[in-house]
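[1] Quick one, what's the 3D model for this:
(chains A and B)
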Amino acid sequence: MGVIEVNNLTKYYGKARGIIDVSFQVGEGEIFGFIGPNGAGKSTTIRLLLSLIHPTSGSATIFGKDCFLHGPELRRDIGYLPSEVFYYERMKVIDLLKYSASFYERDCTQRMNELAELMELEMNRRIEDLSYGNRKKVGIVQGLLHQPKLLFLDEPTAGLDPLMQAKFFQLIREENQRGVTVFFSSHILGEVQRMCNRVGIIKEGRLIEIADIRTLQQNNYKKVRVTADGLDAAFLDLPGVTNLEQQNGAIRFFYKGDINAILHKIGAVTVSDVTIEEPTLEEIFMHYYE
Amino acid sequence: MNIFVREVKGNLKSLLIWSVIVALFVTIGTAKFSAYFENPEMLKVLDAMPPALLAAFSMEGFNLTTVSGFVGLMFAYYVLMLGIAAAMWGSEIISKEERDKTVEFALTLPVTRSRVVTAKALAALFNCVALLLVTWGISIVTARPYSPDAAFYRFLALLMLALFLLQLVFLAIGLLLGCAMKQYRRASSLAVSVLLGTYFLSIITALSAKLDFLKYLTPFKYFDAVKILNESRLDGGFVALSLAIVVVSMVGAYVTYARRDLYI
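    Got it, this is the predicted structure:
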């Protein structure tokens, strides 16, 4: 049974599209990447799962319980780091964290202090005096202090400097090794590639692909570049070829299908150079969005 | 409890500002009263004024040279001030979470939405009661130099009870608007508009007997200070109507807040 199970979830804001017919599962202990550009529906999906908003149709369960009926109970074991962190401006960091901790049954003091130390948080400053990155750090501590079993991270690294980002990823990995399931939404593919086992790709509200990161890279597309004198790009326009373009005598394209078919085709002409490589996640991603 | 305490702390400044405003108003008002106190000349001046004008400013039916008459006159303004405070506290205590975008934090904690509404409603109620006690206290202190009799204190207590019921009405309407409206910017301005609208309606109602039926629509007409002075009790029907408005608004607030999408 998956920790998160989403079935045909659809959300319209009036007539505006949120997400359409999204279905996926996240298994226990998994780090699931959720990628897509701004406005694709990443945050909408997370907000639905946290029952901040209600679905137009479809259903979703977390730990086997309906998100919309058991939201408050489920949230005891959920940590959430929103893309933009807003807290009560007039409160001190320490008071805000204590306030947040007061909603959970277990004593969170020790974990709170550990996290604050790790994130180098200044506990006695007011929220309103903090920079964007420091607010994010408060968000990380606040989202983790109750030792949740499931974490929702919505573009978590925005505003963090590279040093903090590295610490943060280390922290998430440690949490994951303790069995915490992570739902990692981002548009930064490098970090998704580093952290996640599987990814879902969302485009204009629809989930267009769910795949293992390795499978996505190995089995999907090859990036091919052929240099040959007087060769016309149209010659290589086989089934399975996409993004075909010609530049300075070099022809580039993505190829999906039997690798022999394309090798035969290239073998028929005299070429000066050929490279065939796995695309980066970035390129796969761009491919989905064109 | 944690939400209640945080809200009370967060609203302390607003409560202090309102307390100062009310205290100043009562003090200045009473200072003017010193000119009326046991002054028959003033009665003549007032008698010369057109009755409609007196009615519009709820000055008819009071003997303004007595301290009871004067407090009865001030009652409408107390209702206006404390009503505005209640309506604003009610609507803002809910809608500010969306305005300040803190809703994504506050409502992803393991709390039900009804628990949030309850805690916030109680915090706003706490403010209303505190402001009422300030009003009552200042009224007693400022009336003391005119050595009022026991009947005055009873009258004042009844006025404060009426004031409390009206605070509840406007607080509940404010909470309902804060809970129901997704356009958080408009919730408190609409709450205050409703209050001012019903206030002007109460002035219009006073102008002609034909408009008497409108009195059910404006809480300002529910408890007439003159009647309270003469009958020494509140009108049971309007007490019931006030409580009914409170109950209906609160049910509406809980239901709409639980169902609607939060604005993020």
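[2] and residue 78, what does it touch?
    No chain was given, so I picked chain A. A:Leu50, A:Ile62, A:Pro148, A:Lys149, A:Leu150, A:Leu151, A:Phe152, B:Thr108 (Cβ atoms under 8 Å, 6 or more residues apart in numbering or on different chains). (Glycine included, C-beta is placed from N, CA and C.)
[3] My question was about chain B, not that one.
    Contacts of B:Tyr78 by Cβ under 8 Å, 6+ apart are B:Val22, B:Thr135, B:Leu159, B:Leu163.
[4] Adding neighbour count and distance to A:Gly71, write those out as TSV.
    What follows is those, written out as TSV (neighbours: other Cβ atoms under 10 Å in any protein chain shown; distance: Cβ to Cβ, whole Å):
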residue	neighbour count	distance to A:Gly71
B:Val22	21	41
B:Thr135	23	41
B:Leu159	25	45
B:Leu163	23	39
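[5] any idea how far chain A is from the residue nearest in space to the middle of chain B?
    Centroid-nearest residue in chain B, with Cα atoms, centre = their mean: B:Gly83, separated by 2.5 Å. B:Gly83 is 27 Å from chain A, where distance means Cβ to the nearest Cβ, to the nearest Å.
[6] pLDDT wise, what is that residue at?
    You'll see B:Gly83 listed with a pLDDT of 95.
[7] would it count as being in a helix?
    Yes: the assignment for B:Gly83 (DSSP: H, G, I helix; E, B strand; the rest coil) places it in a helix.
[8] ok now do it, which residues does it touch?
    B:Leu166, B:Gln167, B:Val169, B:Phe170, B:Leu195, B:Pro219.
[9] from memory the last one sits against B:Thr198, does it?
    Yes: distance between B:Pro219 and B:Thr198: 6.0 Å, which falls inside the contact criterion (Cβ atoms under 8 Å).
[10] hang on, the earlier thing: identify the farthest-apart pair in the contacts of B:Tyr78.
    B:Val22 and B:Leu159 (14.0 Å; Cβ to Cβ).
[11] Pick out whichever of B:Pro219 and B:Thr198 has more residues nearby.
    B:Pro219 (27 against 20; other Cβ atoms under 10 Å in any protein chain shown).
[12] tally of neighbours for the residue lying closest to the residue nearest to the centre of chain B once chain neighbours are set aside?
    Nearest residue to B:Gly83, sequence neighbours excluded (Cβ to Cβ, 6 or more residues apart in numbering or on different chains): B:Phe170, at 4.4 Å. The local packing of B:Phe170 (other Cβ under 10 Å) involves 30 other residues.
[13] Give me the three-state assignment for B:Phe220.
    Following three-state DSSP, B:Phe220 is assigned to helix.
[14] Tell me the spacing between it and A:Gly190.
    For B:Phe220, the distance to A:Gly190 equals 64 Å [Cβ to Cβ, to the nearest Å].
[15] Give me the more crowded residue out of these two.
    Set B:Phe220 next to A:Gly190 and count neighbours by other Cβ under 10 Å: B:Phe220 wins out with 24 against 11.
[16] Mind jotting down where the strands sit in the chain?
    No chain in the question, so chain A it is. When secondary structure is read from DSSP state E, chain A shows strands at A:4-13, A:16-26, A:31-35, A:57-62, A:65-66, A:78-81, A:150-154, A:181-186, A:198-203, A:206-212, A:222-227, A:241-247, A:250-255, A:273-277.
[17] TSV please, covering these and showing mean pLDDT and distance to B:Thr142.
    Formatted as TSV, the entries for the strands of chain A read as follows, by pLDDT from 0 to 100; distance: least, Cβ to Cβ, whole Å:
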stretch	mean pLDDT	distance to B:Thr142
strand A:4-13	94	54
strand A:16-26	94	57
strand A:31-35	93	64
strand A:57-62	95	60
strand A:65-66	94	59
strand A:78-81	96	52
strand A:150-154	95	56
strand A:181-186	94	61
strand A:198-203	90	66
strand A:206-212	88	69
strand A:222-227	86	85
strand A:241-247	83	83
strand A:250-255	86	84
strand A:273-277	87	87
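[18] Export the ones you listed as a markdown table, with columns for distance to B:Arg233.
    Listed next are those as a markdown table, based on distance: least, Cβ to Cβ, whole Å:
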| stretch | distance to B:Arg233 |
| --- | --- |
| strand A:4-13 | 52 |
| strand A:16-26 | 55 |
| strand A:31-35 | 65 |
| strand A:57-62 | 56 |
| strand A:65-66 | 52 |
| strand A:78-81 | 54 |
| strand A:150-154 | 58 |
| strand A:181-186 | 62 |
| strand A:198-203 | 66 |
| strand A:206-212 | 67 |
| strand A:222-227 | 88 |
| strand A:241-247 | 85 |
| strand A:250-255 | 86 |
| strand A:273-277 | 91 |
